[in-house]
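Visitor: next come a sequence and a model predicted from it.
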Amino acid sequence: MLEDRKLTRRGFVGAALVGSMGVAASSFLAGCSAPEAASDKGAESWDEEVDVVVIGSGGAGLAAAVEAANAGASVIVLEKTNIVGGDSTLCDGILGGWGTKLAKAQEIDVSADEVYDWFMGHPDWYGPKDPEVARVLADKSGETIDWLQEIGVAASSKKGDVRIKANKGVVMATGSYAGSPAMLAQLNAESAHLLPGSNPGATGDGLAMAMDIGAYTARASELPLMSSLAGVESGSIVNWNYYERLHGLWLDANGERFFNEETNYENPNGHRAIVRKQNEQGTQVIAFIGTTPELEAVLAVRPIEWATGETVEEVAEAVGLDGAKVKATVERFNSLCETGEADDFGRPAEFMVPLTGPFYAAPISVSTSVTMGGFRTNTEAQALKLMAPTKDGSLTSPIPGLYAAGVACEWNCAAGATVLCAVTLGRIAGQNVAKETPAA
């Protein structure tokens, strides 16, 4: 059985993709594990032949396609949705690197080592990174930014059902699975009630295909990157501790605090605490705030249409909490602020400011952005398979003809550098797949 599923270069790059711009992509990679079936179809069964097939049109996929084409390869990009851009369309636009033309013009002096240290120095920002991959991403980050300033992007129109032969290889840039509540819940039960906030086409197709052919996947069961959004139901959304910091309280179903509400946005522990409390009690956590200079600054720009009132009790009851219990919680917090005692949950002293009215409250919804797990790759962007230790101690080997980039891969960057790293690894994938020798 194991021998029947053995991957060969010919079996992989000669496999079929059937569907409207990638709808049935799973049958494509299923063919990778059964090279005999693929070869039985014969050359006459292909509608098109190209050197490189890129699956996914996000930042990683388009970067791979451009680099492969620049190297002289014929390329086709497949996208299952009617929107080009994938997870990258939701990017805040944060691209940081060293030695760029822009940085030099501003006399900003940062080294590759400093970027690498930043990646590796924040394990609390969504976990550990592969040091070798992180090193490559750091080394090439500035080059990627300069490259992005110099290129343009082209897209092709939708086609009907086609069968495409990739003579040199395939780049998997299928994005995350943060747009699929079902996939999130399947991989991690704690994710069952997350609000999918990602590209709706990010449904885990690439991860499922990877597992189907025996590719080495990592961290797929981890909770995704998340945002805690207060006020979704009313449309007056505050992304907690992101660019609007309102210094309120998080209250459970008993009207009590349970965690340090000033936990940095980039630190996943705050979002996870809200998710776990929500799962534990079966109802949403409530954001409860008083009137502060920060809130007044927001109100000067836009309304906050939350439950509001002059007293703690009336606002608490408006969001389904016991007014007396919430009043006791607020009085305890205000007492700590006034006496200078240490906070019950480690909230920093600078944020220990008493809550005063008018008061506001709204449920918190925890939303996904991108996921942690996916293809494990090497520094050449080759997808790997796990194997028994060899004589030299190796535990992985590249899958011939298969490359991966972007958030279809395991997380290997610090928060705020997702697109930068996706484009960087996508470029590497495109450059290397174009060098492959065409399959016979």
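Guide: That came in fine, so what should we check first?
Visitor: these two touch, right, Leu355 and Ala287?
Guide: No. At 12.0 Å, Leu355 does not count as touching Ala287 under the criterion of Cβ atoms under 8 Å. All C-beta spots, glycine's among them, are computed from the backbone N, C-alpha and C.
Visitor: what touches both of these two?
Guide: When contacts are counted by Cβ atoms under 8 Å, 6 or more residues apart in numbering, Leu355 and Ala287 are jointly contacted by 248-249.
Visitor: show me which of these two is the more surrounded one.
Guide: Under the neighbour definition other Cβ atoms under 10 Å, Leu355 and Ala287 were set side by side, and Ala287 has more, 25 against 20.
Visitor: what is that one paired to in the beta sheet?
Guide: Trp250, Ala362 (DSSP bridges).
Visitor: separation between it and Lys80?
Guide: Noted for Ala287: a distance of 36 Å to Lys80, by Cβ to Cβ, to the nearest Å.
Visitor: for whichever strand or helix holds Val53, the distance to its chain's centre please.
Guide: In this assignment (DSSP states H and E), Val53 forms part of strand 48-55. Relative to its chain's centre, strand 48-55 lies at 26 Å (Cα atoms, centre = their mean, to the nearest Å).
Visitor: please enumerate the helices of the protein.
Guide: Listed in chain order, the helices of the chain (DSSP state H) span 9-13, 25-30, 35-40, 59-70, 101-105, 112-120, 131-150, 181-187, 205-212, 268-281, 293-299, 312-318, 323-339, 418-433.
Visitor: possible to save these as CSV with mean neighbour count?
Guide: Output for the helices of the chain, formatted as CSV (neighbours: other Cβ atoms under 10 Å):
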stretch, mean neighbour count
helix 9-13, 21
helix 25-30, 20
helix 35-40, 15
helix 59-70, 28
helix 101-105, 12
helix 112-120, 17
helix 131-150, 19
helix 181-187, 18
helix 205-212, 22
helix 268-281, 18
helix 293-299, 13
helix 312-318, 20
helix 323-339, 16
helix 418-433, 28
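Visitor: show me the one of the ones you listed that comes nearest Gly175.
Guide: Gly175 lies closest to helix 205-212 among the helices of the chain, at 7.0 Å (Cβ to Cβ).
Visitor: pLDDT on the closest one, on average?
Guide: Averaging pLDDT along helix 205-212 gives 89.
Visitor: mind saving the C-alpha coords of that helix as PDB?
Guide: These are the backbone C-alpha positions of helix 205-212, laid out as PDB (Å, rounded to 0.1, in the frame of the first residue of the first chain):
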ATOM      1  CA  ASP A 205      -8.200  23.300   0.200                       C
ATOM      2  CA  GLY A 206      -4.400  23.300   0.100                       C
ATOM      3  CA  LEU A 207      -4.100  21.800   3.600                       C
ATOM      4  CA  ALA A 208      -6.500  19.000   2.700                       C
ATOM      5  CA  MET A 209      -4.600  18.300  -0.500                       C
ATOM      6  CA  ALA A 210      -1.300  18.400   1.300                       C
ATOM      7  CA  MET A 211      -2.500  15.800   3.800                       C
ATOM      8  CA  ASP A 212      -4.000  13.700   1.000                       C
END
